[in-house]
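*Asks:* make a model of this:
(one chain, ligands or ions: 2)
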Amino acid sequence: MPTIEEPSLRVAHLDADAFYVSIELNRHPELRGKPVVVSGSGPRAVVTTASYEARRYGVGSAIPASQARRLCPHAVFLPPDFATYREVSARMMGIVRAHVQRVEVVGLDEAYLDLAGLLSPRAAMRRLLIDIRRATGLTCSVGIGPNKLVAKVASDAEKPAGFVVLDREQACARFAGSPPGLIPGIGPKTAARLSALGLSTLAAVATAPEQMLIERFGPRQGPDLRRRARFESGAEVGAARKVVSESRERTFDRDLHDERELRDALARMAGELCESLSAHQRHGRTIGIKVRLDDFTTVTRARTLPEPTADAATVTEVALGLLADYAPPRPVRLLGVRVAGLARAGEPGQPAVSRGASGAHELAAPAPDAGQLALPV
Ligand code: TTP
Ligand code: MG
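*Replies:* Ligands and ions are numbered 1, 2, ... in the order given. Coordinates of the predicted model:
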């Protein structure tokens, strides 16, 4: 039977299963089948990820490690090793790119793939999964659909090792009774407002009168909610996103007020960051700091240099200068440093990302605490 191209299967979303834990299990095979949690050990550490065995006890990403220990005392707790996770991620994405031309990497373990033009998208994805498994030991879940929205929700629907293929109508039918928060872009606040209007399923939002949604959510968000609930999405799979910044951050076990302690911590992180940048032959023009105070006020400041750098002394000096200019008015809970506008050494620096372009800037909204473990960027 000749294979015909299926226009309804244009996009895949790929997401590794229990990414950090799976990498740890590759080097500790004796832990397979056990509840395993990757988290720091300080009093403010949070869980980065948990094996599916641990998830049965209610242990999941972002809960405090102390709570995870109460929920599942017999779980094995491992410290994170971000350098290895980044390295495995790079290998995984390299394999993806070898199979599919247009890839949009959206996280360490997650990417959208443009399948347009492939004669047999399903078979192509199966082959890709085999290659990823062979090279990295990772299993992934895949969603395939006509657009990014369907693909993303489908990849999450049958984790781990899911392989879910849906056209738009099938997605609408399958998730009709699911809460609107299932859809990326419908956050908890919007979901709560929808629910207060009696719209607590995707089917209800999809069939709600557009005028009503416009009145409640405005002329842009109202129709957008309805479109999303119908799994309509026009967003194209973007070209591969470049790594534009790298950062290090740390939540302290106790809040720090002493200027010297803060300077030491920042200098140490700047040193580590520059070591990593140099190892990857990257340099950047915009240097930023992030400070979270004990009341969770979060402030970022950045400065853009004329030339890109990965020099520890330069980055440290700029970061310390930004910290001195800000002069945290309260004890500090978290401190971070970032180099952005990255390019390969030898290439001109990218134009500074918008944040740093005009020099210092501030972001004062309280942000959720990332705990001791920053998501590596
Ligand atoms: P996810 O893909 O969200 O989670 P996962 O791969 O662990 O599990 P699954 O996809 O099977 O549901 O995130 C990828 C990695 O990012 C995860 O292994 C650890 C890290 N991470 C955090 O550090 N903190 C978080 O809050 C989340 C959600 C993820
Ligand atoms: Mg994942």
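*Asks:* and the residue in the stretch 51-200 of the chain that ligand 1 sits nearest to, what does it touch?
*Replies:* Distance from ligand 1 to each residue of the stretch 51-200 of the chain (CB to the nearest ligand atom) is smallest for residue 61, at 3.5 Å. For every residue, glycine as well, the C-beta is placed using N, CA and C. Contacts of residue 61 were listed using CB atoms under 8 Å, 6 or more residues apart in numbering, and they are 46-50.
*Asks:* which among those residues gets closest to residue 244?
*Replies:* Taking CB to CB as the measure, residue 48 is the one of the contacts of residue 61 closest to residue 244, at 22.4 Å.
*Asks:* so which strand or helix has that closest one?
*Replies:* strand 47-50 (DSSP states H and E).
*Asks:* and if you look at residue 250?
*Replies:* Applying DSSP H and E, one finds residue 250 within strand 245-256.
*Asks:* and that strand, C-alpha only, in PDB?
*Replies:* This file holds the C-alpha atoms of strand 245-256, laid out as PDB (Å, rounded to 0.1, in the frame of the first residue of the first chain):
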ATOM      1  CA  SER A 245      21.800  32.900  28.000                       C
ATOM      2  CA  GLU A 246      23.300  30.800  30.700                       C
ATOM      3  CA  SER A 247      22.900  31.400  34.400                       C
ATOM      4  CA  ARG A 248      23.700  30.100  37.900                       C
ATOM      5  CA  GLU A 249      21.500  30.800  40.900                       C
ATOM      6  CA  ARG A 250      21.300  29.700  44.400                       C
ATOM      7  CA  THR A 251      18.700  29.800  47.200                       C
ATOM      8  CA  PHE A 252      20.600  30.100  50.500                       C
ATOM      9  CA  ASP A 253      19.800  27.800  53.400                       C
ATOM     10  CA  ARG A 254      19.300  30.900  55.500                       C
ATOM     11  CA  ASP A 255      18.700  34.500  54.200                       C
ATOM     12  CA  LEU A 256      22.000  36.500  53.900                       C
END
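*Asks:* so what's the residue count around residue 73?
*Replies:* Residue neighbour count, defined by other CB atoms under 10 Å, stands at 9 for residue 73.
*Asks:* actually residue 176, not the one I wrote
*Replies:* Here the number of neighbours of residue 176 (other CB under 10 Å) works out to 14.
*Asks:* leaving out sequence neighbours, find the closest residue to it.
*Replies:* Nearest in space to residue 176, with sequence neighbours left out and distances taken as CB to CB, 6 or more residues apart in numbering, is residue 203 at 3.9 Å.
*Asks:* verify the stated contact: the one you found with residue 174.
*Replies:* No - the pair residue 203 and residue 174 fails to qualify as a contact (CB atoms under 8 Å) at a distance of 10.9 Å.
*Asks:* so which residue is smack in the middle of the chain?
*Replies:* residue 107 (4.4 Å; CA atoms, centre = their mean).
*Asks:* that one and residue 187, how far apart?
*Replies:* Between residue 107 and residue 187 the computed distance is 17 Å (CB to CB, to the nearest Å).
*Asks:* how about residue 101?
*Replies:* Note on residue 101: its distance to residue 187, by CB to CB, is 32 Å.
*Asks:* ok, residue 146 next?
*Replies:* Look at residue 146 and residue 187: by CB to CB, they are 24 Å apart.
*Asks:* equivalent analysis for residue 178, please.
*Replies:* As judged by CB to CB, residue 178 and residue 187 stand 15 Å apart.
*Asks:* which of these two has more neighbours?
*Replies:* Residue environment comparison for residue 178 versus residue 187 gives the larger neighbour count to residue 178, 16 against 11, counting by other CB under 10 Å.
*Asks:* run through this protein and note the low-pLDDT ranges.
*Replies:* Low-confidence regions of the chain, defined here as pLDDT under 70, cover residues 1-7, 239-243, 345-377.
*Asks:* tell me where it has strands.
*Replies:* Under the criterion DSSP state E, the chain contains strands at 11-16, 36-39, 47-50, 76-78, 103-107, 110-114, 140-145, 163-165, 245-256, 282-293, 298-309, 332-340, 343-344.
*Asks:* pick the one among the contacts of residue 61 closest to residue 136.
*Replies:* Using CB to CB, the shortest approach to residue 136 within those belongs to residue 49, at 15.9 Å.
*Asks:* contacts only, for that closest one.
*Replies:* Counting by CB under 8 Å, 6+ apart, the residues that residue 49 touches are 18-21, 37-38, 61.
*Asks:* surely residue 100 and residue 114 touch.
*Replies:* Yes - judged on CB under 8 Å, residue 100 makes contact with residue 114 at a distance of 6.7 Å.
*Asks:* thanks a lot, see you next time.
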